[in-house]
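K.L.:
how would this look folded up:
(one chain, ligands or ions: 2)
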Amino acid sequence: MNELEDDNWLNKKYINCPSCNETLLVCDHSPFEHSYRLYCNTCPKRVDIGLYEPVYDEIESVDDLSYDNLLLEFEKRLEKCSCGGQFKLNAARKCLHCHTPLSLNEEQNVWLGNYWDETLNEEQEEFVEQKMQQFIVKPKWKSK
Ligand SMILES: [Zn+2]
Ligand SMILES: [Zn+2]
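P.N.:
Ligands and ions are numbered 1, 2, ... in the order given. So this is what the prediction gives:
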C-alpha cells in the first residue's frame, strides 16, 4: 500500500484557527478507537465514553439505537462540563487555544497542532500529551 495514503486514512490535516491563527490538527475519529465522544457546547473539552461504562446498563435497547440516539442518551445522563456547559451531540468543535467554534463535522476531532509531531523528543511529547489531556475528560454520570 502507498505509505502516504496509508498514513492519511483518517483525513489528517492541519488548519489554522480563523480567529487566533494557531495551528490545529484535525482528523476523523478512528473506527478502531472504540469510544464515543461528545463535545462541550461552550468550551473545547470533549468527553470520551468507552465501552465499559456502567451507563450502558441503564439505557434501554441499547443495541438497537442508532449512533445519534445513543449519543442523545449519553447526553441526558452526563453531568455538566467543568465550565458549566453541556456535552452535546453536534456541538461545534472549538479552537483549543481561543475557543472559537470551527466549522467541522461530527466525525472530526481537534488536536493540538503539534500532537503526533514525529520530530518532538520524548520530553516535548509528554508535554503535548499532558496539555492535550486537559481537553479530554472522563465521563461523569448523573446520579439517579
Ligand atoms: Zn483560535
Ligand atoms: Zn466545557
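
K.L.:
every contact and neighbour count from this point should use C-alpha atoms.
P.N.:
OK.

K.L.:
next secondary structure element downstream of the worst-scoring helix or strand of the chain on mean pLDDT?
P.N.:
In the chain, the helix or strand scored least confidently by mean pLDDT, DSSP states H and E is helix 3-7, which has a mean of 58. Per DSSP states H and E, the first helix or strand lying C-terminal to helix 3-7 is strand 13-16.

K.L.:
what segments of the chain are strands?
P.N.:
Secondary structure of the chain (DSSP state E): strands located at 13-16, 23-28, 36-40, 46-49, 87-88, 93-94, 101-102, 108-112, 136-137.

K.L.:
quick check: which of those is nearest to ligand 2?
P.N.:
When the strands of the chain are compared by Cα to the ion, strand 36-40 sits nearest ligand 2, at 4.7 Å.

K.L.:
elements contacting that closest one?
P.N.:
Counting contacts by 3 or more Cα pairs under 8 Å, 6 or more residues apart in numbering; DSSP states H and E, strand 36-40 packs against strand 46-49, helix 67-77, strand 87-88.

K.L.:
one more time with 10 Å, if that's ok
P.N.:
The contact analysis (3 or more Cα pairs under 10 Å, 6 or more residues apart in numbering; DSSP states H and E) places strand 36-40 against strand 46-49, helix 67-77, strand 87-88, strand 93-94, strand 136-137.

K.L.:
could I get the ones you listed as a markdown table with mean pLDDT, distance to Ile15 and mean neighbour count?
P.N.:
Shown next, in a markdown table, are the helices and strands packed on strand 36-40 (pLDDT from 0 to 100; distance: least, Cα to Cα, whole Å; neighbours: other Cα atoms under 10 Å):
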| stretch | mean pLDDT | distance to Ile15 | mean neighbour count |
| --- | --- | --- | --- |
| strand 46-49 | 96 | 19 | 20 |
| helix 67-77 | 95 | 27 | 16 |
| strand 87-88 | 97 | 23 | 24 |
| strand 93-94 | 98 | 12 | 25 |
| strand 136-137 | 96 | 20 | 15 |
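
K.L.:
can I get those in a markdown table with distance to ligand 1?
P.N.:
What follows is the helices and strands packed on strand 36-40, written out as a markdown table (distance: least, Cα to the ion, whole Å):
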| stretch | distance to ligand 1 |
| --- | --- |
| strand 46-49 | 17 |
| helix 67-77 | 26 |
| strand 87-88 | 20 |
| strand 93-94 | 8 |
| strand 136-137 | 18 |
